[in-house]
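Peer 1: Sequence below, structure please.
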Amino acid sequence: MRAARALLIAATALAVAALAVAAVASVHRHPDASLGGGDAAAIALEVASACALVAAGSSIALIRAARLTGALIAAAGFALLLGALPVPQTGGAFLFTAALAGGTSAAALAGAGALVYLRRGRVLPDGLVAAAAVAASGLWLGLLPTLAFDRRQAGCFACADNLLLVHGDAALHDDLTTSGLYAAAFACGGLALLACTRWATSAHVVRRVAAPVLVGAAAAAACAAVAFARRAGSESGAVDTTARELWLLQCAALAVVALGVLGELLRARLLSHRIAGIIVGSLPTPDALRAALAESAGDPGLAVVYPQLDGGVVDADGLPASAAPAGTVVTAVTRGRETLAQLRHAGHLEHAPERLAEAVRTASLGLEHASSRAGLRARLHELTASRTRIVEVGDAERRRLERNLHDGAQQRLIALSVALGRSTDGAPAVARARSEILVALDELRALAHGIHPAALTDAGIEAALRELADGSRVPVTLEIASLDRRSPACEGALYRTVLDAVQCAERRGDGRAVTVAVASAADDLRLRLSLPGVEAAAAAMALEHASDRVAALAGDMSVTRSGSGTAVEVRVPCAS
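Peer 2: Numbers count the residues shown, from 1 in each chain. Just a heads-up that it's a prediction; the model follows:
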């Protein structure tokens, strides 16, 4: 359903854009044949009014109860663009035919949409007048004469082919056009009068809200009625100054209709956000809710916990709740088959169920909100704990691999190298074998250090950072106060951040010294890095995995541009 709705909206936008471009191009080439003329302001008014009508109609058509209104107003936008086309020089058979059949119905469609917009359950006479106006303007004046229009019989050599031609009859076409003009003038005049009457007789609030829509529609219908009547009484049918003025007034009035609809939609959206904010703001906090329930029930020790789907129970912060003390009575608060909360209270309330029930009934909305909030926080805690466990398991595996390489393969290679060095044979092959073993031993040490530095496990973050600085290809300046040992996950996250930053500076920096400052607080470690010559985007990409490790420990990292380089600040919560 959503995909179909999005496709329909995209198709409507594409169609109105294509028609607007065609109208602008045609009017620019033949300004004298256009109702609005070739003035840039007039063209802008025509296109803006039509696009606003389509946008307004499409927007309210998404509301189930306003689909007819939306369809009529959107159709008025398309009809307005067709009416702006310079007939007969429209640029093609399709546009020419569409302009003949639908270019006269914009005001009637918008007026009908306005009456439906404020119909309030009335069918007569609103529906009858609206249908008559649309039929007279769109069918009698537009479609029926088009079916009988033959450009050869009419002597219109500049006209394109009529794609809706059924039977060419010049006399019938003229009769249908003349009678259609009188019928459309009469129907649009009645539509304008009815729209004004509906606005004047509405309640004050409705009159204020619906004024742009109904008054704009009435003005557009009145301008259309006068234009139709003048055209019916004119023998030449040429577009004069008065006809252009009436057309531009009609466009302006239809723009007011569109802006009125869009404004009402905007007011409704703002009001819904305001109401939502009031409701959320009026809900009590979990502590205030518990205190209110305790006071209402007469039990200062009353506690509220929230059951979860896995069978556990959490408090308002989403943390596992302790077991109920002995002698405490647990009362479940349910909605249907779902248990929203459990009240832990003193036993004497069992004998006063009406007091407890009244307290719960009053606080039902607050309990539901608190239950949802506790559930979300519990899942957030589970996610954070899961990410932390993943980091800790990964670091433990790194330490295990480093220790196995150090105590296993590395020691065997050392022993083999020593044995070959003590060999009395002295053959070149033995010397070459010992040289290859020493190279392999160096590579193995580098591999083990890359997996997890032994200094980080044995001596802590300070020793590991000093070892990293000694082996770096760019200068590294350390500003480290005396640090106590912290959890392996905390120290590992900090070390990996510095390692990735130094490697990024080696590849992307300008060769100046990288500054690493580490400070210790009571509950966390703070790191500040300065990477000269490194772009912030490159640093952020290089530190992406380190940022994930820090976030898994509930820490935070910021990467910002600083002078000619990048500054990185990290905070990692960790126990001492």
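Peer 1: ok, which stretches of the stretch 201-350 of the chain are helices?
Peer 2: Here the stretch 201-350 of the chain has its helices, by DSSP state H, counting those that start in this stretch, at 204-233, 241-282, 286-297.
Peer 1: Out of these, which is the most enclosed?
Peer 2: Most buried of the helices of the stretch 201-350 of the chain, by mean neighbour count (mean count of other C-beta atoms under 10 Å): helix 204-233, with a mean of 21. The way it works is simple: take the backbone N, C-alpha and C, and place the C-beta from them, glycine included.
Peer 1: Of all the helices of the stretch 201-350 of the chain, which one is nearest Gly92?
Peer 2: Between Gly92 and those, the tightest spacing by C-beta to C-beta is seen for helix 241-282, at 22.4 Å.
Peer 1: Against which helices or strands is the closest one packed?
Peer 2: Applying 3 or more C-beta pairs under 8 Å, 6 or more residues apart in numbering; DSSP states H and E, we find helix 241-282 packed against helix 40-61, helix 67-84, helix 106-117, helix 204-233.
Peer 1: Using CSV, please lay out these together with mean pLDDT.
Peer 2: As requested, the helices and strands packed on helix 241-282 are exported to CSV (pLDDT from 0 to 100):
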stretch, mean pLDDT
helix 40-61, 91
helix 67-84, 90
helix 106-117, 87
helix 204-233, 86
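Peer 1: Let me know which of those helices is the nearest to Ala253.
Peer 2: Each of those was scored for nearness to Ala253 using C-beta to C-beta, and the closest is helix 204-233 (3.8 Å).
Peer 1: Low-confidence ranges, the stretch 151-300 of the chain, go.
Peer 2: 205-206, 235-237, 275-276, 279-280 (pLDDT under 70).
Peer 1: Let me have the helices of the stretch 201-350 of the chain in CSV, extended by distance to Ala171.
Peer 2: Formatted as CSV, the helices of the stretch 201-350 of the chain follow (distance: least, C-beta to C-beta, whole Å):
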stretch, distance to Ala171
helix 204-233, 17
helix 241-282, 25
helix 286-297, 83
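Peer 1: Between those helices, which one is closest to Thr362.
Peer 2: The closest of those to Thr362 is helix 286-297. By C-beta to C-beta, the value is 7.2 Å.
Peer 1: What does the pLDDT read for the closest residue in space to Pro286 that isn't next to it in sequence?
Peer 2: In this structure, Pro286 finds its nearest non-sequential neighbour in Ala316, 3.3 Å apart by C-beta to C-beta, 6 or more residues apart in numbering. On pLDDT, Ala316 comes in at 83.
Peer 1: please renumber so the chain begins at 40
Peer 2: OK, 40 is where the count begins now, so the last one is Ala355.
Peer 1: What is the burial count for Ala355?
Peer 2: 21 (other C-beta atoms under 10 Å).
Peer 1: so what's it up against?
Peer 2: Going by C-beta atoms under 8 Å, 6 or more residues apart in numbering, Ala355 touches Pro325, Asp326, Arg329, Val343, Tyr345, Ala409, Arg412, Ala413.
Peer 1: quick one on the thing from earlier: what about the helices of the stretch 240-389 of the chain, which gets the closest to Leu119?
Peer 2: Set against Leu119 and scored by C-beta to C-beta, those come closest in helix 280-321, at 6.2 Å.
Peer 1: Relative to the whole chain's centre, how far out is that closest one?
Peer 2: Relative to the mean C-alpha coordinate of its chain, helix 280-321 is positioned 22 Å out (C-alpha atoms, centre = their mean, to the nearest Å).
Peer 1: which one of the contacts of Ala355 sits closest to Asp497?
Peer 2: Ala413 (43.1 Å).
Peer 1: Tell me, how many residues neighbour that closest one?
Peer 2: When neighbours are counted by other C-beta under 10 Å, Ala413 registers 26.
Peer 1: Chain neighbours aside, what residue packs nearest to it?
Peer 2: Sequence neighbours aside, Tyr345 is the residue nearest to Ala413 in space, at 4.2 Å (criterion: C-beta to C-beta, 6+ apart).
Peer 1: List the contacts of that neighbour.
Peer 2: Tyr345 makes contact with Val352, Val353, Asp354, Ala355, Leu379, Ala380, Gln381, Ala409, Ser410, Ala413, Gly414, Ala417, according to C-beta under 8 Å, 6+ apart.
Peer 1: Now distance to Asp563 too, for the helices and strands packed on helix 280-321, in TSV please.
Peer 2: What follows is those, written out as TSV (distance: least, C-beta to C-beta, whole Å):
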stretch	distance to Asp563
helix 79-100	50
helix 106-123	56
helix 145-156	60
helix 243-272	55
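Peer 1: Select, out of the ones you listed, the one closest to Arg535.
Peer 2: helix 79-100 (50.7 Å).
Peer 1: now that closest one and helix 145-156, what's the angle there?
Peer 2: Using axes from the mean of the first three to the mean of the last three C-alpha atoms, to 10 degrees, the inter-axis angle of helix 79-100 relative to helix 145-156 is 30 degrees.
Peer 1: how much space is there between the residue nearest to Ala413 and Val541?
Peer 2: In this view, Tyr345 and Val541 are 47 Å apart by C-beta to C-beta, to the nearest Å.
Peer 1: Likewise for Gly366?
Peer 2: With the distance defined as C-beta to C-beta, Gly366 ends up 61 Å from Val541.
Peer 1: likewise Ala50?
Peer 2: On the measure of C-beta to C-beta, Ala50 and Val541 end up 55 Å apart.
Peer 1: between those two, which one's more packed in?
Peer 2: Applying other C-beta under 10 Å to Ala50 and Val541 shows that Val541 carries more neighbours, namely 22 against 10.
Peer 1: Next, the contact list for that one, please.
Peer 2: Leu507, Ser511, Val513, Val515, Val553.
Peer 1: From those residues, pick the one nearest Leu84.
Peer 2: So of these, ranked by how close each gets to Leu84 (C-beta to C-beta), first place is Val553, at 62.2 Å.
Peer 1: That closest one reaches Leu517, doesn't it?
Peer 2: No - the pair formed by Val553 and Leu517 falls short of the contact definition of C-beta atoms under 8 Å, at 9.6 Å.
Peer 1: Ok, which of the helices and strands packed on helix 280-321 comes nearest Leu139?
Peer 2: Between those, helix 106-123 lies closest to Leu139; by C-beta to C-beta that is 8.8 Å.
Peer 1: Give the phi and psi angles for Val513, as a check.
Peer 2: When read as degrees, to the nearest 10, the backbone of Val513 gives phi -110, psi 150.
Peer 1: Just to check, it is in contact with Arg546?
Peer 2: No - the criterion here is C-beta under 8 Å, and Val513 misses it with Arg546 at 9.7 Å.
Peer 1: which neighbours do these two share?
Peer 2: Shared contacts of Val513 and Arg546, counting by C-beta under 8 Å, 6+ apart, come down to nothing at all.
Peer 1: Quick check on these two: which one has the bigger neighbour count.
Peer 2: Neighbour comparison, Val513 and Arg546: the larger count goes to Val513, with 19 against 11 (by other C-beta under 10 Å).
Peer 1: which residues touch the helix or strand harbouring Ala138?
Peer 2: Secondary structure from DSSP states H and E places Ala138 in helix 132-141. If you take C-beta under 8 Å, 6+ apart as the criterion, helix 132-141 is touched by 61, 65, 117-118, 121-122, 124, 126-127, 129, 177, 181-182, 184-185, 188, 198-203.
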